[in-house]
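Visitor: Quick one, structure for this:
(2 chains)
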Amino acid sequence: MIDKLIMYLRYPFVTYALIVGVMIALCSSLLGVTLVLKRFSYIGDGLSHVAFGAMAVAGVLGLTNELLIVLPVTVISAVLMLMTGRNAKIKGDAMIAMISVGSLAFGYLLMNIFSTSSNLSGDVCSTLFGSTLILTLSVRDVIISCVLSVIVIVIFILFYNRIFAVTFDEDFSKAAGTDAGRINLLIAVMTAVIIVLAMNLVGSLLISALVIFPALSAMRLFGNFRDVTVFSAVLSVICAFLGIVISILAGTPVGSTIVAADAAAFIVCMIIGKVRGGTAV
Amino acid sequence: MAFLTVKDLVLAYDRKIIAENIGFTVNEGDYLCIVGENGSGKTTLMKTLLGLQQPYSGEIVFGDGIRKNEIGYLPQQTDIQRDFPASVREIVFSGLQAKAGMRPFYRKYEKEEALRNMERLDIAELSKRSYRELSGGQQQRVLLARALTAAGKLLLLDEPVSGLDPIVTKEMYQVISDLNRNGTTIMMISHDIGQALKYATHILHIGDMTFFGTCDEYLASPLGRMFTAGVTEVQV
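Guide: Predicted structure coming up:
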């Protein structure tokens, strides 16, 4: 089996998949902690459906670089969701459900009407579940993913203290002169970028798993923010790596294998947390 | 000049007026208790003073000695915080954000100052413990240390003893009173008029009727007599 793995690793597409997978897993887990603690987990879910709709529009328009449409549309939706998240006429969660289901239906409708592909359900399935997309990355895709990931990581580190402060207590941060609105905006934009990137890896339906699972696992085991963040990043990277390797060796779909690895890790962490007591919630 | 002068303030929530005719001054070293029925706008008043909400009308003037971000704030606990994975020191350090401004990381002497505040409030040995494992009283001390770290001159405390048992409540009042005696100006929302009268120098009563004055003046006023009627052990 090791031989087989080494043989596969010689192919550039496998290396690309591993690089991109690890980068995306790292970014998504960093923000996951904040999103889970702020009770914003569902925003990731909503945004991924928006990204699906945007992807369909890009496909219909015949754009070669889908990011040009998908990224701005998702970022704008993220900002709208966060801004209206509170005190809006239509309640935040209903609003997000509306946008996300709407764009899912709209996206599928567009794909159906305008599709030139002979394998429509295959296209839809790969957008929703990622399927083999990650193994068809071009060098340009890899560079774009890496650059965006590094930007997200650097911003996260630079704003770490303020992200923590705003996540823990928004009112206090505002009273202390921190522009909490701007930090929230930053979190929303970074989330959107990560979701668009992660669509390549696990497809739009499974993205939330990448954001939520590592954070929840880490929160079972650790009682301070720094350890939770670091552990969820490490765990997420390990799971993405294992998921990709297993999927290549066993021929399973990449996205679902990664998510299955994340879910398994969560169960292990939960059991350890229960047995150890103490820091477990 | 007073730390804080408020004139003819009208508070609104969702464009509905909830309290009017609020006027008071806070001088350095004062201990002001804000009392009133539930829903009378005490928390809204505090948030308005902090700039978290816009006043409907009226004037809020900060005096020479103090700027808006030199106020330490202890808000009511939120649901999010109860199971939040953060260590005591992480939370107290977050009080430094007022001083750090746009700087991404806190400086060493700033952290040392935060640690001194933890010692002052007797939570230094909890430094690495997780906030969610602490008792209610310990959690309030952590939030108080964070407020002190943000600003030591003026503290705005929103019901710092709510949900605490009687013994811990008494300790908490003692801690706040000690801070006041060491020069920190206190503004506190309280439900317990008896304790408020025991420790405070001034009372602000808001609601259908408003009152501002010293504790003695409050006890002598019709509003004060009405509101303290049920309190047996008023010690002035």
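
Visitor: any idea how far A:Leu5 is from chain B?
Guide: Taking C-beta to the nearest C-beta, to the nearest Å as the criterion, A:Leu5 is separated from chain B by 36 Å. No exception for glycine: its C-beta is placed from N, CA and C like everyone else's.

Visitor: Please give me every residue in contact with B:Leu4.
Guide: B:Leu4 makes contacts with B:Thr25, B:Val26, B:Leu49, B:Ile60, B:Val61, B:Phe62, B:Gly63, B:Ile66, B:Leu154, as judged by C-beta atoms under 8 Å, 6 or more residues apart in numbering or on different chains.

Visitor: Could you list which of these belong to strands?
Guide: The strands in this structure, assigned by DSSP state E, contain B:Thr25, B:Val26, B:Ile60, B:Val61, B:Phe62, B:Leu154 from the contacts of B:Leu4.

Visitor: So for the contacts of B:Leu4, which is the shakiest by pLDDT?
Guide: Lowest-confidence member of the contacts of B:Leu4: B:Ile66, scoring 72 (pLDDT).

Visitor: how much space between the closest residue to chain B within the stretch 101-250 of chain A and A:Ile24?
Guide: Proximity to chain B, evaluated over the stretch 101-250 of chain A using C-beta to the nearest C-beta, is greatest for A:Gly223 at 2.7 Å. Distance from A:Gly223 to A:Ile24, counting by C-beta to C-beta, to the nearest Å: 28 Å.

Visitor: How about B:Leu9?
Guide: Computed as C-beta to C-beta, the B:Leu9 to A:Ile24 distance reads 51 Å.

Visitor: out of those two, which sits in the busier spot?
Guide: Between B:Leu9 and A:Ile24, counted using other C-beta atoms under 10 Å in any protein chain shown, A:Ile24 has the larger neighbour count: 30 against 23.

Visitor: who are the neighbours in contact with the more buried one?
Guide: A:Ser145, A:Ser149, A:Ile194, A:Leu197, A:Ala198, A:Asn200, A:Leu201, A:Leu210, A:Ala240.

Visitor: Quick check: B:Ala12 touching B:Ile18?
Guide: Yes: under the contact definition of C-beta atoms under 8 Å, B:Ala12 touches B:Ile18, with a separation of 6.4 Å.

Visitor: could you say what helices and strands the helix or strand harbouring B:Leu156 packs with?
Guide: Element membership of B:Leu156 [criterion: DSSP states H and E] is strand B:154-158. For strand B:154-158, the packing partners by 3 or more C-beta pairs under 8 Å, 6 or more residues apart in numbering or on different chains; DSSP states H and E come out as helix B:42-49, strand B:71-74, helix B:136-150, strand B:185-189.

Visitor: change it to 7 Å
Guide: Contacts of strand B:154-158 with other secondary structure elements, assessed using 3 or more C-beta pairs under 7 Å, 6 or more residues apart in numbering or on different chains; DSSP states H and E, are made with helix B:42-49, strand B:71-74, strand B:185-189.

Visitor: Mind listing residues that contact it?
Guide: Outside strand B:154-158, the residues that touch it by C-beta atoms under 7 Å, 6 or more residues apart in numbering or on different chains are B:3, B:43, B:46, B:49-50, B:66, B:70-76, B:147, B:176, B:184-189.

Visitor: if you set the cut-off to 6 Å instead, what comes out?
Guide: Outside of strand B:154-158, the residues within contact range by C-beta atoms under 6 Å, 6 or more residues apart in numbering or on different chains are B:3, B:43, B:46, B:66, B:71-76, B:147, B:184-189.

Visitor: How about stretch A:42-53?
Guide: Contact partners of stretch A:42-53, identified using C-beta under 6 Å, 6+ apart, comprise A:70, A:74, A:77-78, A:81, A:96, A:99-100, A:103-104, A:106-107, A:127, A:192, A:195-196, A:199, A:204, A:207-208, A:211.

Visitor: Name the residues of it that are buried.
Guide: For stretch A:42-53, the neighbour count (16 or more other C-beta atoms under 10 Å in any protein chain shown) marks A:Tyr42, A:Ile43, A:Gly44, A:Asp45, A:Gly46, A:Leu47, A:Ser48, A:His49, A:Val50, A:Ala51, A:Phe52, A:Gly53 as buried.

Visitor: mind putting those residues in JSON lines, pLDDT and secondary structure included?
Guide: Supplementary listing: these in JSON lines, determined by pLDDT from 0 to 100; DSSP: H, G, I helix; E, B strand; the rest coil:
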{"residue": "A:Tyr42", "pLDDT": "79", "secondary structure": "helix"}
{"residue": "A:Ile43", "pLDDT": "80", "secondary structure": "helix"}
{"residue": "A:Gly44", "pLDDT": "81", "secondary structure": "helix"}
{"residue": "A:Asp45", "pLDDT": "82", "secondary structure": "helix"}
{"residue": "A:Gly46", "pLDDT": "86", "secondary structure": "helix"}
{"residue": "A:Leu47", "pLDDT": "88", "secondary structure": "helix"}
{"residue": "A:Ser48", "pLDDT": "87", "secondary structure": "helix"}
{"residue": "A:His49", "pLDDT": "88", "secondary structure": "helix"}
{"residue": "A:Val50", "pLDDT": "90", "secondary structure": "helix"}
{"residue": "A:Ala51", "pLDDT": "88", "secondary structure": "helix"}
{"residue": "A:Phe52", "pLDDT": "86", "secondary structure": "helix"}
{"residue": "A:Gly53", "pLDDT": "89", "secondary structure": "helix"}
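
Visitor: hang on, the earlier thing: now the ones in strands among the contacts of B:Leu4: which count as buried?
Guide: Among these, the ones that count as buried (16+ other C-beta under 10 Å) are B:Thr25, B:Val26, B:Ile60, B:Phe62, B:Leu154.

Visitor: What helix or strand is the closest residue to A:Ser29 other than its chain neighbours located in?
Guide: Sequence neighbours aside, A:Ser236 is the residue nearest to A:Ser29 in space, at 3.5 Å (criterion: C-beta to C-beta, 6 or more residues apart in numbering or on different chains). Element membership of A:Ser236 [criterion: DSSP H and E] is helix A:225-250.

Visitor: C-terminal to that helix, which secondary structure element comes first?
Guide: Stepping forward along the backbone from helix A:225-250, the first helix or strand reached (DSSP H and E) is helix A:254-276.

Visitor: Does that next one reach chain B?
Guide: No: on the criterion C-beta under 6 Å from any C-beta of the partner chain, helix A:254-276 is out of touch with chain B, staying 11.5 Å away.

Visitor: tell me the most buried of the helices and strands packed on strand B:154-158?
Guide: Highest mean neighbour count among the helices and strands packed on strand B:154-158 (mean count of other C-beta atoms under 10 Å in any protein chain shown): strand B:71-74, with a mean of 28.
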